[in-house]
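*Asks:* Quick one, fold the following:
(2 chains)
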Number of protein chains: 2
Amino acid sequence: MKNLIVASTSTIYGSSFLEYLLEELREHFQGIQTLLFIPFARPGGISYDAYTDHVREGLEKLKIEVKGLHEFEDQIKAVEEAEGIFTGGGNTFVLINELQKKNLIEPLAEVLRKGVPYLGTSAGSNIVGPTVNTTNDMPIVHPLSLKALGLIPFNINPHYLDPDPDSRHKGETRETRIKEFHCFNDTTVIGLREGSWISVKGDQMILKGTHAARVFIKNEEPFEADQGFDLSQLP
Amino acid sequence: MKNLIVASTSTIYGSSFLEYLLEELREHFQGIQTLLFIPFARPGGISYDAYTDHVREGLEKLKIEVKGLHEFEDQIKAVEEAEGIFTGGGNTFVLINELQKKNLIEPLAEVLRKGVPYLGTSAGSNIVGPTVNTTNDMPIVHPLSLKALGLIPFNINPHYLDPDPDSRHKGETRETRIKEFHCFNDTTVIGLREGSWISVKGDQMILKGTHAARVFIKNEEPFEADQGFDLSQLP
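*Replies:* Numbering: from 1, shown residues only, chains lettered A, B, ... in the order given. Coordinates of the predicted model:
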C-alpha cells in the first residue's frame, strides 16, 4: 500500500528545514533505522554530501540514520533495499535527469508502490505525479523525458503562489501557467501552497497542512480544496 | 548586419501592448511594408489568429501590414522572404517546439544574420540566445532540444525580477535559479527587467530602456549594467 507524503516545500517561513513536518515524519518513518536520501536536485547547486548533511541535521530529533543515495555503488540496489526514502527539493530538471540517467525511475516507483514510506518536498514531490511538466524550475539541463513516477494521477505544482493583486509585473501568474499547461495536457494539477502536503495511503489522498490547495481540472474553473479534502475523488 | 531588438516584455505596467516600444519600432521597421509575426508561443493559450490580431492592433500606428506566419502554406519561404520579423511572448517551450518541428530555426537564424530587422519580446527574446535554458516558463511541452537561434552569445532571462526582501515565500528567487544554471552551463545570462531591451546592430549590443540589467557571468558576482552599456564587451 502506497505511503507517501507529498509536500509543497521542505521549509516554511520562519522555521528550520523540515521543522514544520517533524511530528508527521516521526509517525511516517516510525520503526525505520535508515532513511535513504536522494540529493540529486541540488538546490542552489549544493553538493550531494552537503545536502545530505543538511537532511541529517534537520531530522536529528527523529534518531534515524540518513544515507545519501550517492554514497552507494549500486544505487538501484540501494533503492530496492531502502526502508524509507526522502527526495529533497532543488531543480526538478536536474533531479529527473539524474534519475533517468541512472535508470532509477522504475525501481523507485516499484518500491513506493509496494509501500516503502516516502517523503517528497518540492522537486521530490513533482516527481510523484505522471510528469514534471508543472514544475516552476528553470530548465537548466534538458532531460530526455519529463515523465515521472506516476504514483498519483495528477501533477503537482509546489510552492503554489496566488496572483498578487498589487503586482506591476507582467510575467505570467502561476494560474496562467497552469492554464497554459491545460492547452496541451489533460492531467489535473494540484497547486500546493507552502505548508501543505498530500498524505497518500493506498488510493486515499488527503490534503493536510495549513492551507487549502488550488485544484486545476482541464476545462473547469480552478477551485480551492480545503484541508481534509480527499483528492482521490478528482477526475 | 544583424539588426535586432531583444526586449524583456511586450507590455509594461499601465500601458498597452507594445506601446512603450512604439517610437523605437517606428525607426526599427522603417520602410517595411509587411511584418511577419510568429505567434507560436501562444500566451495564455490564445489562438494564432487572435494573437496576430492583437499585434495588428498594437502596431496600428506604424501603418505596417502584419501577417501571421501560420497564414502561410510554405512557412520556411515566408521566413526567407520576410522584410521584418516579430516573435511575440508566451510559452518558450511551446515556441521552440513549434519552430523545431517546422524546421524554422535555421532559416530564421539565417535571415536575421543577414540583417532582416527583428523584434523579440519575452519568449521571442529567449530564442535569440544560444539556448532557452534560462526561460521562466513552465515546461508544458517537451521539445527535443533547448537550442535556440544563437544570434547573441549570451542567454536572456526576460521579465527579470529582483528578490523581494519582504517575501515569506521559500521558492527560489530568480537569482538563485540563474546561479543554478551556472552549475551546469557556462553561458553568460542577461537578466532583462521589464521596460528594457537590447539593441543589437551587427556586433554591437547596447542596453536600452528604463532599467539597468543584471548580468550573470559564471563564477563571478552578478552586477548591474546601466542603460547604454555595450554588452559585447562581456565574456
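
*Asks:* CA atoms for contacts and neighbours, from now on please.
*Replies:* Noted.

*Asks:* Report the beta-bridge partners for residue A:208.
*Replies:* Counting by DSSP bridges, residue A:208 forms beta bridges with residue A:197.

*Asks:* List the contacts of it.
*Replies:* By C-alpha atoms under 8 Å, 6 or more residues apart in numbering or on different chains, the residues touching residue A:208 are A:196, A:197, A:198, A:199, A:227, A:228.

*Asks:* Can you add distance to residue A:64 and give those back as TSV?
*Replies:* Formatted as TSV, the contacts of residue A:208 follow (distance: C-alpha to C-alpha, whole Å):
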residue	distance to residue A:64
A:196	24
A:197	22
A:198	23
A:199	21
A:227	29
A:228	29
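
*Asks:* Excluding chain neighbours, what is closest to the residue nearest in space to the middle of chain A?
*Replies:* Most central in chain A under C-alpha atoms, centre = their mean is residue A:125, positioned 1.0 Å from the mean C-alpha point. The shortest distance from residue A:125 to any non-neighbouring residue, by C-alpha to C-alpha, 6 or more residues apart in numbering or on different chains, is to residue A:6 (5.1 Å).

*Asks:* do you know how far that neighbour is from residue B:232?
*Replies:* Distance, residue A:6 to residue B:232, using C-alpha to C-alpha, to the nearest Å: 46 Å.

*Asks:* Those two: who's more crowded?
*Replies:* Neighbour totals were compared for residue A:6 and residue B:232, and residue A:6 leads with 30 against 14 (other C-alpha atoms under 10 Å in any protein chain shown).

*Asks:* helix/strand/coil for the more buried one?
*Replies:* Secondary structure assignment for residue A:6 (DSSP: H, G, I helix; E, B strand; the rest coil): strand.

*Asks:* wait, doesn't it sit right on residue A:199?
*Replies:* Yes. Between residue A:6 and residue A:199 there is a contact under C-alpha atoms under 8 Å: 6.5 Å.

*Asks:* for chain A, what spans make up the strands?
*Replies:* Residue ranges of the strands in chain A, as given by DSSP state E, are A:3-7, A:34-38, A:65-68, A:85-87, A:118-121, A:155-157, A:189-191, A:196-201, A:204-209, A:213-216, A:223-225.

*Asks:* For the ones you listed, give me a markdown table that also has mean pLDDT.
*Replies:* Output for these, formatted as a markdown table (pLDDT from 0 to 100):
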| stretch | mean pLDDT |
| --- | --- |
| strand A:3-7 | 98 |
| strand A:34-38 | 98 |
| strand A:65-68 | 98 |
| strand A:85-87 | 98 |
| strand A:118-121 | 98 |
| strand A:155-157 | 97 |
| strand A:189-191 | 98 |
| strand A:196-201 | 98 |
| strand A:204-209 | 97 |
| strand A:213-216 | 97 |
| strand A:223-225 | 97 |
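
*Asks:* And the closest residue to residue A:144 other than its chain neighbours, how close does it get to residue A:140?
*Replies:* Of all residues not flanking residue A:144 in the chain, residue A:97 sits nearest, at 7.3 Å (C-alpha to C-alpha, 6+ apart). For residue A:97, the distance to residue A:140 equals 11 Å [C-alpha to C-alpha].

*Asks:* Any chance of the backbone angles for the residue of chain A most remote from its centre?
*Replies:* Farthest-out residue of chain A from its mean C-alpha position, per C-alpha atoms, centre = their mean: residue A:168, at 30.6 Å. Note on residue A:168: its backbone torsions stand at phi -100, psi 10 [degrees, to the nearest 10].

*Asks:* Now for it: which residues touch it?
*Replies:* Residue A:168 touches residue B:13, counting by C-alpha under 8 Å, 6+ apart.

*Asks:* ok, 10 Å please
*Replies:* Shown in contact with residue A:168 (C-alpha atoms under 10 Å, 6 or more residues apart in numbering or on different chains): B:12, B:13, B:14, B:194.

*Asks:* quick one: pLDDT of it?
*Replies:* Each residue has a pLDDT score; the one for residue A:168 is 85.

*Asks:* Please apply the same query to residue A:235.
*Replies:* What the model reports as pLDDT for residue A:235 is 83.

*Asks:* Please apply the same query to residue A:42.
*Replies:* As predicted, residue A:42 sits at a pLDDT of 94.

*Asks:* From what I see, it and residue A:122 are in contact.
*Replies:* No. Here residue A:42 lies out of contact with residue A:122, judged by C-alpha atoms under 10 Å, at a distance of 11.9 Å.

*Asks:* More neighbours: which of those two?
*Replies:* residue A:122 (29 against 23).

*Asks:* so who does the more buried one touch?
*Replies:* A:6-11, A:41, A:87-92, A:135-136, A:156-159, A:192, A:194, B:171.

*Asks:* Narrow these to those in helices?
*Replies:* When those are checked against helices (DSSP state H), the matches are residue A:92.
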